[in-house]
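Visitor: got a sequence here, can you model it:
(chains A and B)
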2 protein chains.
Amino acid sequence: MTDRSPKIRLYVDAPLGAGAELELAAQAHYLTGVMRRGAGDEVALFNGRDGEWRAVIAAAAKKRVSLRVEAQTAPQQDPPDLWLLFAPIKKARTDFIVEKATELGAARIRPVLTRFTNAERVRTDRLQAHAVEAAEQCGGTYVPAVDAPAKLAEVLAAWPGGRRLMFCDEARTARPVAEALAGQARGPWAILIGPEGGFSPDEAAALRAHPGVLPVTLGPRVLRADTAAAAAITAWQVALGDWR
Amino acid sequence: MTDRSPKIRLYVDAPLGAGAELELAAQAHYLTGVMRRGAGDEVALFNGRDGEWRAVIAAAAKKRVSLRVEAQTAPQQDPPDLWLLFAPIKKARTDFIVEKATELGAARIRPVLTRFTNAERVRTDRLQAHAVEAAEQCGGTYVPAVDAPAKLAEVLAAWPGGRRLMFCDEARTARPVAEALAGQARGPWAILIGPEGGFSPDEAAALRAHPGVLPVTLGPRVLRADTAAAAAITAWQVALGDWR
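Guide: Down below sits the predicted model:
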């Protein structure tokens, strides 16, 4: 559900502020060749820190576009301090998880490798590019960082004190997600979605014993990992996040 | 998050009960050629009415497989009486909506054509096949019916009395979804997800004036239609559905 008159939104690295001038190289072809924009046309820019700004194309060539930043059009809006941990699956569904996590509002995306993870090679740069594209599309001013894949055991061993972990347990013995989240404190949280093959018994035991873990059940049907990720973030957002 | 030792689950039309015998033609190649199953192997069957049953392959040929139904392995479990209405979008994302609605638990899927619907041709049979496949994969015993596309105005004109309609309003002026749903009565409901181009002003006005409509906002970010569908069903399920 995007705006009817699609405006071009681009993520840039540079600081944004009134009067700033910047040059784009990587996005020059998209702007001039694909979207047919030229000198005088407007573009919306965000960098994940300074909100959204209106910029005007000062000069456009095939490989280089210069822009002048004019005025802020939206304030910076960060998502809640929510991490999404998931075991990568097939490429298209992993891409989907990153896109949905960005739109639904996760602050950091961490692929984790479990005993039964059965993934094609995870290209972190590709997933990060997907997060950027999702933020550009969905009007967000924030792009979640996508980490390089790490082993679940190592991630848990280095777990920061005070960050809660909602563990979506496909064994369905945990409480329903909304009931489990009711009355929980807001603050730093993470969601863990298991691999399509499930967690190994020792992984499940380690998770249950981990401090701050909240096992939850996502409804009576078995969900694919990508569905579970979207549903879990939504359930968390309505209970403790910025959907309230 | 499916079982580690994938069992074959097939949707069939035939009545299921202990001792029933049936023949499969359309799925014969999948069973024998793709999955390499033969006489004596077990398959799980469901028909959307009688729960899940274990069946044994009695005889297998390339184009015809006979099965004998043995015992029920899961009771019939219908989703809540929830319809999903959505304006079709690009093929892959429309497929995705049908898959996710099936897993998350919708009873009926109704593509609706709005003024700004910009869809490739909707093939209802293809979407229905997607719903069947999603039910087979997710362990469900129910397959939502996928209707042929209909105009939104006509759908609203024939709206059944007593069925509430949660309208996901991308204008973001409505109350947050969880707050809007809190305290609402259970019973027949529907969710409407608008087209990527938004509703036209007269469509939005007609929706707001429709009896039983509940406008809601799905968080502070703009969601793609497929993301909105998955999020809206989840939010409804945790508030009023079978995720409680």
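Visitor: can you list the domains in chain A?
Guide: Under the assignment automatic domain parsing, the domains of chain A span A:9-74, A:82-240.
Visitor: next secondary structure after the one helix or strand in chain A whose mean pLDDT sits lowest?
Guide: With mean pLDDT, DSSP states H and E as the measure, the helix or strand of chain A carrying the lowest mean pLDDT is helix A:201-209 (a mean of 90). Sequence order places strand A:213-217 as the next helix or strand after helix A:201-209, per DSSP states H and E.
Visitor: for that next one, enumerate the helices and strands it packs against.
Guide: Counting contacts by 3 or more C-beta pairs under 8 Å, 6 or more residues apart in numbering or on different chains; DSSP states H and E, strand A:213-217 is packed against strand A:164-168, strand A:175-176, helix A:177-181, helix A:201-209. Bear in mind the C-beta positions are built from the backbone N, C-alpha and C, glycine included.
Visitor: hmm, A:C168 is touching A:I193, no?
Guide: Yes: assessed by C-beta atoms under 8 Å, A:C168 is found in contact with A:I193 at 5.4 Å.
Visitor: so for those two, which residue has more residues nearby?
Guide: A:I193 (30 against 23; other C-beta atoms under 10 Å in any protein chain shown).
Visitor: that one touches A:L85, doesn't it?
Guide: Yes: if you go by C-beta under 8 Å, A:I193 and A:L85 touch, sitting 7.1 Å apart.
Visitor: can you tell me the SS state at the residue positioned nearest the centre of chain A?
Guide: Among the residues of chain A, the one closest to the centroid is A:T102, at 3.0 Å (C-alpha atoms, centre = their mean). Assigned with DSSP: H, G, I helix; E, B strand; the rest coil, A:T102 falls in the helix class.
Visitor: who's in contact with it?
Guide: A:I109, A:H130, A:A131, A:A134, A:A135, A:C138, A:G140, A:V143, A:P144 (C-beta atoms under 8 Å, 6 or more residues apart in numbering or on different chains).
Visitor: tell me where chain A has strands.
Guide: A:9-11, A:21-24, A:42-46, A:52-60, A:65-74, A:82-86, A:108-113, A:145-146, A:150-151, A:164-168, A:175-176, A:189-193, A:213-217 (DSSP state E).
Visitor: and those as JSON lines, adding mean pLDDT?
Guide: Below are the strands of chain A laid out as JSON lines (pLDDT from 0 to 100):
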{"stretch": "strand A:9-11", "mean pLDDT": "96"}
{"stretch": "strand A:21-24", "mean pLDDT": "96"}
{"stretch": "strand A:42-46", "mean pLDDT": "96"}
{"stretch": "strand A:52-60", "mean pLDDT": "95"}
{"stretch": "strand A:65-74", "mean pLDDT": "96"}
{"stretch": "strand A:82-86", "mean pLDDT": "98"}
{"stretch": "strand A:108-113", "mean pLDDT": "96"}
{"stretch": "strand A:145-146", "mean pLDDT": "98"}
{"stretch": "strand A:150-151", "mean pLDDT": "94"}
{"stretch": "strand A:164-168", "mean pLDDT": "95"}
{"stretch": "strand A:175-176", "mean pLDDT": "96"}
{"stretch": "strand A:189-193", "mean pLDDT": "97"}
{"stretch": "strand A:213-217", "mean pLDDT": "95"}
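Visitor: re the thing from before, for B:A74, find the nearest of the domains of chain A.
Guide: domain A:82-240 (10.9 Å; C-beta to C-beta).
Visitor: endpoints of the closest one, how far apart?
Guide: 10 Å (C-alpha to C-alpha, to the nearest Å).
Visitor: same thing with stretch A:14-26?
Guide: For stretch A:14-26, the end-to-end distance is 13 Å (C-alpha to C-alpha).
Visitor: what's opposite the nearest residue to A:E21 once chain neighbours are set aside in the beta bridge?
Guide: Excluding the flanking residues, the one nearest A:E21 by C-beta to C-beta, 6 or more residues apart in numbering or on different chains is A:R68, at 5.4 Å. Counting by DSSP bridges, A:R68 forms beta bridges with A:E21, A:V56.
Visitor: A:R68 against A:A59, yeah?
Guide: No: counting by C-beta under 8 Å, A:R68 sits too far from A:A59 to count as a contact (9.8 Å).
Visitor: neighbour-wise, which of the two wins?
Guide: Neighbour count, other C-beta under 10 Å: between A:R68 and A:A59, A:R68 has more, with 15 against 12.
Visitor: what sits against A:L85?
Guide: Counted by C-beta under 8 Å, 6+ apart, A:L85 has contacts A:R110, A:P111, A:V112, A:L152, A:V155, A:L165, A:A190, A:I191, A:L192, A:I193.
Visitor: circling back: what about the least confident helix or strand of chain A, near chain B?
Guide: No: Helix A:201-209 stays clear of chain B (C-beta under 8 Å from any C-beta of the partner chain), getting no nearer than 10.8 Å.
Visitor: show me what that helix is packed up against.
Guide: Against helix A:201-209 (3+ C-beta pairs under 8 Å, 6+ apart) you get helix A:152-157, strand A:164-168, strand A:213-217.
Visitor: would you mark the buried spots in the last one?
Guide: What it means is strand A:213-217. By neighbour count with 16 or more other C-beta atoms under 10 Å in any protein chain shown, strand A:213-217 contains the buried residues A:V213, A:L214, A:P215, A:V216, A:T217.
Visitor: try the longest one
Guide: Of the residues in helix A:152-157, those buried by neighbour count under the rule 16+ other C-beta under 10 Å are A:L152, A:V155, A:L156.
Visitor: next: stretch A:234-244.
Guide: A:T234, A:A235, A:W236, A:Q237, A:V238, A:A239, A:L240, A:G241, A:D242, A:W243.
Visitor: now the two most distant members of those.
Guide: Counting by C-beta to C-beta, the most remote pair of the buried residues of stretch A:234-244 is A:A235 and A:D242, 13.7 Å apart.
Visitor: flag the shaky bits of chain A, pLDDT-wise.
Guide: When residues are selected by pLDDT under 70, those of chain A lie in A:1-6, A:119-120.
Visitor: rewinding a little: export the contacts of A:L85 to JSON lines and tack on distance to A:R9?
Guide: As requested, those are exported to JSON lines (distance: C-beta to C-beta, whole Å):
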{"residue": "A:R110", "distance to A:R9": "26"}
{"residue": "A:P111", "distance to A:R9": "26"}
{"residue": "A:V112", "distance to A:R9": "30"}
{"residue": "A:L152", "distance to A:R9": "35"}
{"residue": "A:V155", "distance to A:R9": "32"}
{"residue": "A:L165", "distance to A:R9": "33"}
{"residue": "A:A190", "distance to A:R9": "28"}
{"residue": "A:I191", "distance to A:R9": "27"}
{"residue": "A:L192", "distance to A:R9": "31"}
{"residue": "A:I193", "distance to A:R9": "28"}
